[in-house]
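Trainee: Curious how this folds, go ahead:
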Amino acid sequence: TIFDKYQITGSKNFKHIIIGVTTQQEYITWKNENGALSMLSSRFLSQKAFISKADSVKWICSFSGEIRTDYLPDTAKNKIAIATKSYDYKSIFGLTKNPKNSLKLLLNYRIVDPLTASQTKQEKNISGRLEHQLILFKRLITANTFYQVGSGLEAKKNYTYVEVTPGQGVYMWNDYNNNGKAEINEFEIAKYQYQANYIKVFTPTNDYISTFSNQFSELCTFDPKNVLKQHNTAHAILSKFYNISNYKCTFKTTENDITKNINPFRTLKNDTSLVTVTSLISNTVYFNRSSSKFMINYNFSNENNKTVTSNGWEDLNQIKNSINNRVEITSGLTFYTKAENGVKISKIEAAYMENKDYHIHIQMIEPKITWQPTPYKAMDLLMGYSDLKNISSEHAQKETLGLETRISGQKSWKLTLNGKYILIKYNAASNTSLAYTMLEGLLPGNNKTWEANFQNSLGKYLRLNILFQGQKSEKTKMIQTGSIQLSAIF
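Mentor: A predicted model of the protein is given here:
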């Protein structure tokens with residue numbers, strides 16, 4: 001084994017600017033007992049020149065250029081051979097004097113020349129990032145902006161499901177057609193952890209496409225209490241309001257029109273050039289947010305995810321309006337209410353996913369009473385009713401009654417016990433992907449679920465977690481699972 005690494009930097013301060021150069025190399029060689037070169041061997045050599053502003057108190061500015069050569073093992077010649085050569089040009093600009101109005105801008109242009117027989121196409125990437133923070137009127141209004149664009153090559157992806165240790169995955173398999181074969185349209189996100197025996201694995205293909213990516217997020221808050229002095233009743237009421245708005249959008253497209261690509265607010269619906277889309281619009285208005293006596297909030301959210309694979313595309317959209325409130329009845333006894341109204345939409349155009357489309361209207365209310373006589377003991381009694389209607393006439397009604405108890409030690413351990421009784425009415429076949437989504441993994445009729453979870457810290461670095469879960473639906477066998485997990489924290 002040979003390991004060699006060095007970095008040398010030299011710079012000169014010319015009053016207002018700094019000019020410098022850096023060279024860096026890392027060389028790792030692994031050989032087995034027969035002298036054959038291991039595929040873990042690698043090498044890179046980097047040479048960089050830079051110029052920057054000397055005083056960065058008020059604002060910053062810098063430019064740099066870098067040439068980097070990467071080497072990979074050539075097993076045929078039993079030596080490390082040159083693989084790629086890249087050229088990076090980077091600029092940074094920022095306003096840092098005023099912490100209430102700060103700005104940072106980064107631009108980068110990169111050229112990669114493959115120097116192997118298997119890869120001959122030159123790759124050019126451009127990327128930029130903008131970060132801005134604004135604070136107005138003694139934090140009455142705050143705004144945080146993040147914006148990033150880039151271009152490059154991306155491989156089209158397929159995916160498959162791989163079985164893992166029981167309970168350690170994300171997805172479950174339902175044999176809807178009873179043929180004993182796990183088909184790609186028979187996997188669902190597991191509603192209960194003991195069902196989660198599979199994970200989704202994306203595999204790249206040899207089909208590459210040029211894409212342009214755009215990522216934008218804006219987080220704004222409005223907090224009147226920071227400016228209102230509560231001299232009168234109107235000020236006292238207004239100061240109890242708090243609003244937080246959030247907009248996020250990330251997409252990749254094959255569109256060549258740069259004016260469309262850099263626009264984070266472009267219309268994304270029915271755009272056939274899109275490769276992936278993830279967007280979220282949410283707004284929450286609070287009244288009496290920090291009060292333990294009474295609190296209420298209203299939330300609106302619209303979330304959309306679209307993914308294009310080599311076999312088609314999948315589009316998931318969820319729109320939700322919800323109201324949450326908290327009322328302290330007496331000391332240690334609190335009443336909670338949660339109500340939702342929304343829609344959940346799945347649209348998939350792929351030959352192997354024909355049974356995954358739905359358009360479900362959802363209404364739900366869930367009152368809950370919490371009794372907490374001490375900081376270490378609490379009990380919840382909850383009730384719930386939900387009504388789900390699919391656009392193609394499937395209808396589900398669910399009534400829930402549940403009880404949860406939480407007991408904890410002063411420092412290290414916590415025990416949680418809960419049980420639920422769920423009565424479901426459903427007017428369609430239950431062995432379908434749609435039924436699994438609408439019934440959340442349960443079956444029509446009487447359903448019972450229970451769970452016990454014990455957590456304990458064993459010293460400073462070890463954490464023990466013991467989980468026991470069970471479920472019983474009509475005309476099915478009882479399912480009970482248990483797991484023990486010991487985690488080390490470094």
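Trainee: Now do the strands for the stretch 51-200 of the chain: every range, in order, please.
Mentor: Assigned by DSSP state E, counting those that start in this stretch, the stretch 51-200 of the chain shows strands spanning 59-74, 79-95, 101-114, 123-136, 141-163, 171-173, 187-189, 198-222.
Trainee: Including distance to F490 and mean neighbour count, could those strands go into JSON lines?
Mentor: Yep, even glycine has a C-beta here, placed from its N, CA and C like the rest. What follows is the strands of the stretch 51-200 of the chain, written out as JSON lines (distance: least, C-beta to C-beta, whole Å; neighbours: other C-beta atoms under 10 Å):
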{"stretch": "strand 59-74", "distance to F490": "31", "mean neighbour count": "16"}
{"stretch": "strand 79-95", "distance to F490": "33", "mean neighbour count": "16"}
{"stretch": "strand 101-114", "distance to F490": "33", "mean neighbour count": "16"}
{"stretch": "strand 123-136", "distance to F490": "31", "mean neighbour count": "15"}
{"stretch": "strand 141-163", "distance to F490": "28", "mean neighbour count": "16"}
{"stretch": "strand 171-173", "distance to F490": "30", "mean neighbour count": "18"}
{"stretch": "strand 187-189", "distance to F490": "31", "mean neighbour count": "17"}
{"stretch": "strand 198-222", "distance to F490": "25", "mean neighbour count": "15"}
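Trainee: mind checking which of the ones you listed is nearest L464?
Mentor: Among the strands of the stretch 51-200 of the chain, the nearest to L464 by C-beta to C-beta is strand 198-222 (24.7 Å).
Trainee: Run the angle between that closest one and strand 141-163 for me.
Mentor: Counting by axes from the mean of the first three to the mean of the last three C-alpha atoms, to 10 degrees, strand 198-222 lies at 170 degrees to strand 141-163.
Trainee: What's the end-to-end length of stretch 110-130?
Mentor: Stretch 110-130 has its terminal residues 18 Å apart, counting by C-alpha to C-alpha, to the nearest Å.
Trainee: Name the residues that touch it?
Mentor: Stretch 110-130 has contacts (C-beta atoms under 8 Å, 6 or more residues apart in numbering) with 72, 81-89, 103-109, 145-153.
Trainee: Quick one: distance of it to the chain centre.
Mentor: 28 Å (C-alpha atoms, centre = their mean, to the nearest Å).
Trainee: Helix or strand for K260, just tell me which one.
Mentor: Assessed by DSSP states H and E, K260 sits inside helix 258-261.
Trainee: buried ones in the helix or strand that that helix is followed by?
Mentor: Using DSSP H and E, the next helix or strand after helix 258-261 towards the C-terminus is strand 274-287. Going by neighbour count (16 or more other C-beta atoms under 10 Å), the buried part of strand 274-287 is 274-277, 279-280, 284-286.
Trainee: Now mean pLDDT too, for the strands of the stretch 51-200 of the chain, in TSV please.
Mentor: TSV is the format used below for the strands of the stretch 51-200 of the chain (pLDDT from 0 to 100):
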stretch	mean pLDDT
strand 59-74	90
strand 79-95	89
strand 101-114	90
strand 123-136	90
strand 141-163	84
strand 171-173	86
strand 187-189	83
strand 198-222	83
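Trainee: and V343, which of these is closest to it?
Mentor: Minimum separation from V343 across the strands of the stretch 51-200 of the chain (C-beta to C-beta) falls at strand 187-189, 18.4 Å.
Trainee: Tell me how far that closest one lies from the chain's centre.
Mentor: Centroid separation between strand 187-189 and its chain, computed with C-alpha atoms, centre = their mean, is 18 Å.
Trainee: any low-confidence regions in the chain?
Mentor: Residues of the chain that meet the criterion pLDDT under 70 lie in 56-57, 116-120, 155-157, 203-207, 230, 268-270, 309-312, 350-355.
Trainee: tell me the centre residue of the chain?
Mentor: Nearest residue to the geometric centre of the chain (C-alpha atoms, centre = their mean): T278, 9.9 Å.
Trainee: roughly how far apart are the nearest residue to it once chain neighbours are set aside and Q148?
Mentor: Leaving aside its sequence neighbours, T278 sits nearest to T250 (C-beta to C-beta, 6 or more residues apart in numbering; 4.7 Å). Separation of T250 from Q148 (C-beta to C-beta, to the nearest Å): 9 Å.
Trainee: Then A182?
Mentor: Going from A182 to Q148 by C-beta to C-beta gives 38 Å.
Trainee: just I28 next, same as before
Mentor: According to C-beta to C-beta, I28 and Q148 sit 32 Å apart.
Trainee: now do E474
Mentor: Distance from E474 to Q148, by C-beta to C-beta: 51 Å.
Trainee: what do you get for E340?
Mentor: Where Q148 is concerned, E340 sits at a distance of 33 Å (C-beta to C-beta).
Trainee: Please name the nearest non-neighbouring residue to Y27.
Mentor: Nearest non-adjacent residue to Y27, counting by C-beta to C-beta, 6+ apart: D4, 4.1 Å away.
Trainee: Let me know whether that neighbour touches Q25 as I believe.
Mentor: Yes: D4 is within contact range of Q25, at 7.1 Å (criterion: C-beta atoms under 8 Å).
Trainee: Run through the residues that contact the residue nearest to Y27.
Mentor: D4 neighbours (C-beta under 8 Å, 6+ apart): 25-28.
Trainee: ok, now R266?
Mentor: If you count contacts by C-beta under 8 Å, 6+ apart, R266 has them with K260.
Trainee: Now it: phi and psi?
Mentor: phi -60, psi 150 (degrees, to the nearest 10).
Trainee: now swap in K225 and tell me
Mentor: Note on K225: its backbone torsions stand at phi -60, psi -20 [degrees, to the nearest 10].
Trainee: What is the neighbour count of the closest residue to it other than its chain neighbours?
Mentor: The shortest distance from K225 to any non-neighbouring residue, by C-beta to C-beta, 6+ apart, is to S239 (3.9 Å). Using other C-beta atoms under 10 Å, S239 has 16 other residues around it.
Trainee: same question, the one 5 residues further on
Mentor: Neighbouring residues of I244 were enumerated by other C-beta under 10 Å; the total is 18.
Trainee: go on, K260?
Mentor: 15.
Trainee: Ok, N431 next?
Mentor: 12.
Trainee: what's the nearest residue to it if we skip its chain neighbours?
Mentor: Sequence neighbours aside, Y176 is the residue nearest to N431 in space, at 5.9 Å (criterion: C-beta to C-beta, 6+ apart).
Trainee: Now do the same contact list for that neighbour.
Mentor: 186, 355, 431-433.
Trainee: what does K85 give?
Mentor: 67-70, 112-113, 115.
Trainee: which residues does S408 bridge with?
Mentor: Following DSSP bridges, S408 is listed with bridge partners K414.
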